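1. Next one to model:
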Amino acid sequence: MHTATPSHRAGRPRPARAASAARRARGLSLVELLVSISLGLVVLTALVALYGNVTRTNNEMTKTNQLIENGRFAMQLLQEDVAQAGFWGPLDVIEPTAVPDPCVAYADWPADAAARAAYRDNLLSIPVHAYSDGTALAGCGASLANVIAQSDVLIVRRASSCISGVGCDGGTDTGPHLQISSCRTAAPPEPAYVVESKAELDARLGAGTHIRTKNCATETGRRKMLVNVYYVANSAAGVPTLYRVRLVNGSFQQPEPMVDGIQAFKVELGVDDLGSNGLPIGATNPGDGNADRYVACAPACDLAVLGNVVSMKLHLLARNIEPTAGHTDDKAYTVGPLAIAAANDNYKRHVFTTTVRVVNPSSRRETP
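-> Just a heads-up that it's a prediction; the model follows:
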């Protein structure tokens, strides 16, 4: 008789692996789920806070960089123009006799020949003007009436560094141009220099009146007269801004916004009023080209100052364009001769100061 053999698995206990799989199939408990969500929220909150801090830090760094860059660029703009003030080419020194009105359009220069010559000489011999009250200079631009109380007005005058023609304003500007004669043997003698419009110079040449170089054969080049007016005023958006007004085609144009965030602008003129021997300058005792004192023009400077300027101290107070939340500016600022009380607002500020040599007038006074 055949007897069935029972299976080799019968009666054996269930493997532990199967029991473990059954437990895993049940998933997370509610407590475990809540703990994991809480940990995730903590990590997410930390990441959001970190991102917010990094963003705020970057924004403040951008504002600070903008503040520094605006102040640096404004100072560079002024420095470069002031350093070239009084450049007229190979022109002999002219002694001023009076302080000329710097805001007269070319068409309104004196009609009388003698008065016109005196006005022209004084313009060339006084290449910089500084005023603490811009409202007196309406002819230099309609918006000068809006000059803020913490700003001086600086006027810089010089000839173009290039000869008018192709590549140099095309010779199309109809305003005053300077032409200097180096011919000393012409008969009748040529004028030492002329300052006239392009049309007047063309007419002079057409009539056979020459302004020639040293060889008395070649007509000298013409240099456009450049006049720049700098001051600080609030823009339409209420942002303090450094403006410039230029002389173009013989008249002063509308103001150009140059640098945002410039709140105050002050000028001190370096005056050379002592010779190398330490005595006051005079007809027989010229200056030595070094500033003996610095003067703030309030409201304006006289002939003794403006006729002897050899250097200049420039002072700027730059301000952030946007406020900084949580910051209070409780500092007082000294901008040259001006003391500015704390504004107690949310804007950050920085003072910039430099000294610039007015190269051309000071170099003419140096003794070899």
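2. any idea which residue sits dead centre in this protein?
-> By CA atoms, centre = their mean, the chain has its centre lying nearest to Ala74, at 2.4 Å.
3. ok, that one to Arg365 distance?
-> 29 Å (CB to CB, to the nearest Å). Placement of C-beta: from N, CA and C, glycine included.
4. And Tyr230, by the same measure?
-> Taken as CB to CB, the span from Tyr230 to Arg365 is 25 Å.
5. These two: who's more crowded?
-> Tyr230 (25 against 18; other CB atoms under 10 Å).
6. pLDDT averaged over the helix or strand where the more buried one lies, what's the number?
-> Take DSSP states H and E as the rule and Tyr230 turns out to sit in strand 223-234. The average pLDDT for strand 223-234 rounds to 94.
7. and that strand, what other elements does it pack with?
-> helix 30-83, strand 153-159, strand 176-180, strand 240-248, strand 262-271 (3 or more CB pairs under 8 Å, 6 or more residues apart in numbering; DSSP states H and E).
8. for those, which one sits closest to Asn290?
-> Set against Asn290 and scored by CB to CB, those come closest in strand 262-271, at 8.3 Å.
9. Show residues contacting the helix or strand following that closest one.
-> For strand 262-271, the succeeding helix or strand toward the C-terminus, using DSSP H and E, is strand 293-295. With CB atoms under 8 Å, 6 or more residues apart in numbering as the contact definition, strand 293-295 has outside contacts at 268-271, 273, 301, 305, 313.
10. Out of the residues you listed, which end up buried?
-> The neighbour count (16 or more other CB atoms under 10 Å) marks 268-271, 273, 301, 305, 313 as buried among the contacts of strand 293-295.
11. So which of those is the closest to Gly165?
-> Leu269 (34.7 Å).
12. what is the closest one paired to in the beta sheet?
-> Val295, Met312 (DSSP bridges).
13. ok, now which ones touch it?
-> Counting by CB under 8 Å, 6+ apart, the residues that Leu269 touches are 128, 130, 294-297, 301, 305-306, 309, 311-312.
14. Flag the shaky bits of the protein, pLDDT-wise.
-> 1-27, 135-136, 142-143, 145, 170 (pLDDT under 70).
15. any idea how far Ser182 lies from Ile94?
-> When Ser182 is compared with Ile94 (using CB to CB), they lie 16 Å apart.
16. go on, Leu34?
-> 91 Å.
17. Neighbours of the spatially closest residue to His177 that is not a sequence neighbour, how many?
-> Closest residue in space to His177, ignoring its immediate chain neighbours: Arg222 at 4.2 Å, by CB to CB, 6 or more residues apart in numbering. Using other CB under 10 Å, the number of residues around Arg222 comes to 25.
18. got the contact list for Arg222?
-> By CB under 8 Å, 6+ apart, the neighbours of Arg222 are 163-164, 171, 177-179, 198, 201.
19. neighbour-wise, which of those leads?
-> Leu178 (26 neighbours).
20. what is that residue paired to in the beta sheet?
-> The partner residues for Leu178, given DSSP bridges, come to Val195, Arg223.
21. Tell me what angle the strand holding Tyr230 forms with strand 240-248.
-> 160 degrees (axes from the mean of the first three to the mean of the last three CA atoms, to 10 degrees).
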